[in-house]
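S.K.: Compute the structure for the input listed below.
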Amino acid sequence: MGRKKIVAGNWKMNTNLNEALSLITEIKKGSEQFSAIEKIIFPPFTFLKNASDSLANENTFFVGAQNCSEHSKGAFTGEVSAEMLSSVGCKFVLVGHSERRTFFKESDEQLISKIQNALKNNLQVIFCFGEQLEERKSGKHFETVKKQLENVLKNFSESELNKVYLAYEPVWAIGTGETATPQQAQEMHAYIRKIIAELFSPSLAQNIPILYGGSCNAQNAKELFSCADVDGGLIGGASLKAADFCKIISSF
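M.R.: Here you go, the predicted model:
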C-alpha cells in the first residue's frame, strides 16, 4: 500500500468569516470526486469551529490550526492551547512553519513542547523545516535540514511519529515566486527519508508522508507530485483560490 496523498492549505492571516465559509464550500464542491486525496485546510484561529462544523461529515477533508502554544494552560494571554484546538474539532496543527521560526524566533525547545502538547491532545502534527537562501547558496542545505530534523524528532518515539507528517519548506521559495525544481525537491525529500531511516527505521522512513511547501501552485503541482518521494503539498497563496486549490488536489 502506498503512502497517503495529501494537499494542505495554509491560509495564514487571510479571509474573514464569510470568505472562509464560502471558500470551504467551493473547495468541497470542486474536490468531492478526489476522495482518495487527504485534504486539510488551516484557517485562522477565529474560524476553526465554523470550519470544523462545516466539514463534520467529511472523511478525507479536515481542519487544522496554524499554530499552538507550547504551554498546556495558564496565564499566557493571547495563546491558544492544543486542548482548545482539539475541543473545537481540529485534527491537525502546523508546528515549525518558517514564518513562526523567522518572525517569532521559535526555538527547537518550543517546537518540541508544541508537538508534545499536540500529540497529548490527539492532534496530528505537520512539522515544517527547511533552509534559507544563503544556506542553499552556500551548500549547507542538507546540513541545515538534518539539524532541524534531528534536534526535534529525536525527542519522540517511532510510534509518536506515526502521527506526524513532514513538510519541507525551502524558505527561499516561499512567497518569492521561486520554486525548487522537481529535481531539487526530489533530492531533498529522498535525503529526508534517509535521515529518518538513520534516526528511527527504514520502515518509518518509507511510510512517513513528506509534503513539499515552497510555492507549489496549480501550474507546477503535477510535476512536483510526480516525484517519487513527494507525497503532496503544503500550499500557501494558491489555497485561497478554490479553483487553483482544487486543480492542485487533482494533480496526482
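
S.K.: Hmm, Leu55 and Phe61 touching each other?
M.R.: Yes - Phe61 lies in contact with Leu55 (C-beta atoms under 8 Å); the separation is 5.2 Å. Where C-beta positions appear, they are placed from N, C-alpha and C, glycine not excepted.

S.K.: Overlap of the contact sets of those two?
M.R.: With contacts taken as C-beta atoms under 8 Å, 6 or more residues apart in numbering, Phe61 and Leu55 have Lys28 as neighbours in common.

S.K.: contacts for stretch 139-153?
M.R.: Counting by C-beta under 8 Å, 6+ apart, 96, 108, 111-112, 115, 127, 129-132, 135, 161, 164, 168, 170, 188, 191-192, 195-196, 199-200 sit against stretch 139-153.

S.K.: Output it as PDB, nothing but the C-alphas.
M.R.: Taking Å, rounded to 0.1, in the frame of the first residue of the first chain, the C-alpha atoms of stretch 139-153 are listed here in PDB:
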ATOM      1  CA  GLY A 139      25.700  24.300   0.000                       C
ATOM      2  CA  LYS A 140      24.600  23.900   3.600                       C
ATOM      3  CA  HIS A 141      21.000  23.000   2.800                       C
ATOM      4  CA  PHE A 142      21.400  19.300   3.700                       C
ATOM      5  CA  GLU A 143      23.300  20.100   6.900                       C
ATOM      6  CA  THR A 144      20.500  22.600   7.900                       C
ATOM      7  CA  VAL A 145      17.700  20.200   7.300                       C
ATOM      8  CA  LYS A 146      19.400  17.300   9.000                       C
ATOM      9  CA  LYS A 147      20.000  19.500  12.100                       C
ATOM     10  CA  GLN A 148      16.400  20.700  12.200                       C
ATOM     11  CA  LEU A 149      15.100  17.200  12.000                       C
ATOM     12  CA  GLU A 150      17.500  15.700  14.500                       C
ATOM     13  CA  ASN A 151      17.100  18.400  17.100                       C
ATOM     14  CA  VAL A 152      13.400  18.000  17.300                       C
ATOM     15  CA  LEU A 153      12.400  14.500  16.200                       C
END
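
S.K.: No more questions from me, cheers.
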